[in-house]
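> got a sequence here, can you build the structure:
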Amino acid sequence: MQKEIIIAGFGGQGVLFAGQVLAYAAMDLGKEVTWIPSYGPEMRGGTANCTVVIGDEEIGSPLVEFPPAAIVLNLPSYDKYEALIQKGGVLVVNASMVDRGAIRNDITTILVHANEIAEEIGDRKLTNMVTVGALLACLPEISLQALKAALKAHLPTRHHALLPSNYAALQRGYDEAMSQMAVAISEIKP
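Sure, this is the predicted structure:
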């Protein structure tokens, strides 16, 4: 098994941290992992993305062109990566920053109003964790519990006061994605 994931958005949205948390969770589960960050020279406000590759065996290349899974946090990233997702793949979209629906019907698109959910929890900086939670609903390689454990294990102790809100953001994103998938399945049944 090998699963490639791209996370993309503006600098300052927590793109790289979201990828790190996924990588740590997979690593803690005994998986082989690569995490490659990429960001423009302007950092905050510029483009940022990272790739995470999770495997059962040694990973031959960390480069990802056509991932089976992605999280996009803004419209430019949605425009870029929607076309690149493998047929049958999953795309988690921060619908708070995107003003259009899905173009493709051969992938699962989860539209989550992540900014609003994060604000309801009390911190807009949790947008990335809301979308990571939504991805976990479609990513059997990493459970919600494993990701929560990775957050606790790898977040510096001085930030442990933030764990409950991060857990809440993950759960809300996960629940939203599960709800959307349940509706999609019910619409398919005759």
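
> when you work out contacts or count neighbours from here on, use the C-alpha atoms and nothing else.
Noted.

> state the distance from the spatially closest residue to Asn115 that is not a sequence neighbour to Ala177.
Spatially, and ignoring its direct neighbours in sequence, Asn115 is nearest to Thr127 (5.3 Å; C-alpha to C-alpha, 6 or more residues apart in numbering). Per C-alpha to C-alpha, to the nearest Å, Thr127 is found 14 Å from Ala177.

> what about the two, which has more around it?
Remark: of Thr127 and Ala177, Thr127 carries more neighbours, 29 against 25, as counted by other C-alpha atoms under 10 Å.

> what strand or helix carries the most centrally placed residue in the chain?
The C-alpha lying nearest the average C-alpha coordinate of the chain belongs to Val132 (C-alpha atoms, centre = their mean; 3.6 Å). Taking DSSP states H and E as the criterion, the element that holds Val132 is helix 127-136.

> CA atoms of that helix as PDB?
Provided in PDB are the C-alpha atoms of helix 127-136 (Å, rounded to 0.1, in the frame of the first residue of the first chain):
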ATOM      1  CA  THR A 127      -9.300  25.400   9.800                       C
ATOM      2  CA  ASN A 128      -6.500  23.100   8.800                       C
ATOM      3  CA  MET A 129      -7.500  20.500  11.500                       C
ATOM      4  CA  VAL A 130     -11.200  20.600  10.400                       C
ATOM      5  CA  THR A 131     -10.100  19.600   6.900                       C
ATOM      6  CA  VAL A 132      -7.700  17.000   8.100                       C
ATOM      7  CA  GLY A 133     -10.500  15.500  10.100                       C
ATOM      8  CA  ALA A 134     -12.700  15.400   7.000                       C
ATOM      9  CA  LEU A 135      -9.900  13.700   5.100                       C
ATOM     10  CA  LEU A 136      -9.600  11.000   7.800                       C
END
